[in-house]
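Engineer: Would you be able to build a 3D model of this:
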Amino acid sequence: MSKGHTVAGWIVFALAAAACEPRAERPAEADILAARQAALSFDQRLRREIIDRIVREEDPVAVYLAYADNVPGWGTEISNAARLDFSRTALGVRNPASAPDDWERRQMELFNFLADSGQDPESFEAAEIVQEGKETVFRWLRPVVMGEACLTCHGEALDSRIKLLLGQEYPLDEAEGYSEGQLGGAYSVRKVLSIDGKPPPPYATQPRPARPAGDAQLTQPAAVEGLQ
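Structural biologist: Numbers count the residues shown, from 1 in each chain. From the prediction side, this is the model:
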């Protein structure tokens, strides 16, 4: 058999084998839209209550303290409103509790590869249905692009006071040294679709993390935008 026939034979075999593979289940459009809305809600609130204060050149330490005291609870509020698990993660995290799982890590590494090849990070999105043990799960991820205001707490030249606070609170901090336009992390959504082929129990809402007395207060909206 000639070399050309051999190559053609392998191509036909590969195509036939691929055709026999089970086709991956496509995520429901409603779940994708809900994940996008959760991320948008967080984005809008972050801009209104944190980033706009940095743009107005308020004291960066005051803004950082308001962020630290209030923002961690937003993910819980969004999760409860949308009845899915919304979180933030990164390849280099500030809080070890936010470290990515294997699926999130793979997607972010792919996003970084695509960004390095010149593609627009604003177009990146991952949506997939995966099997995690007995659970069939909808997973979604969208990268966060570092803007100029983000560098106040994540850039290379931090205010010495913020650097001191970060050193005290996050001795294992891996979320510094970014520049504008880099991928700084991602918004992540996880929703259990079934367990052993059966519908999952109703979503159990989580309490908002308690805010210690004396913490800086932010605007407290009556509802998470677009989710109630």
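
Engineer: in the lengthiest strand in the chain, what counts as buried?
Structural biologist: Longest strand in the chain by number of residues (criterion: DSSP state E): strand 183-195. Within strand 183-195, the residues that count as buried by 16 or more other C-beta atoms under 10 Å are 183, 184, 185, 186, 187, 188, 189, 190, 191, 192. The way it works is simple: take the backbone N, C-alpha and C, and place the C-beta from them, glycine included.

Engineer: any idea how far the spatially most central residue of the chain is from residue 71?
Structural biologist: Taking C-alpha atoms, centre = their mean, the centroid of the chain lies closest to residue 187, which sits 1.6 Å from it. Using C-beta to C-beta, to the nearest Å, residue 187 is found at 13 Å from residue 71.

Engineer: ditto for residue 125
Structural biologist: 23 Å.

Engineer: Also residue 180?
Structural biologist: Distance from residue 180 to residue 71, by C-beta to C-beta: 21 Å.

Engineer: Could you check which of these two has the larger neighbour count?
Structural biologist: Neighbour count, other C-beta atoms under 10 Å: between residue 180 and residue 71, residue 71 has more, with 16 against 12.

Engineer: Just the pLDDT at that one, thanks.
Structural biologist: On pLDDT, residue 71 comes in at 90.

Engineer: contact partners of stretch 85-105?
Structural biologist: 35, 38-39, 42, 75, 78-79, 108-109, 112, 128, 130, 139, 141, 144, 166, 170, 172-175, 184-191 (C-beta atoms under 8 Å, 6 or more residues apart in numbering).

Engineer: Just the residues you listed: which are in strands?
Structural biologist: Per DSSP E, the contacts of stretch 85-105 map to strands at 128, 130, 139, 141, 144, 184-191.

Engineer: So which of those residues is the closest to residue 152?
Structural biologist: Minimum distance to residue 152 across the ones in strands among the contacts of stretch 85-105 is 12.5 Å, recorded for residue 184 (C-beta to C-beta).

Engineer: I figured the closest one was touching residue 147, is that so?
Structural biologist: No - applying C-beta atoms under 8 Å as the test, residue 184 and residue 147 come out as separate, 9.1 Å apart.

Engineer: re the thing from before, what helices and strands are in contact with the longest strand of the chain?
Structural biologist: Other elements packing on strand 183-195 under the criterion 3 or more C-beta pairs under 8 Å, 6 or more residues apart in numbering; DSSP states H and E are helix 29-46, strand 85-89, helix 102-116, strand 135-145.

Engineer: Lovely, talk soon.
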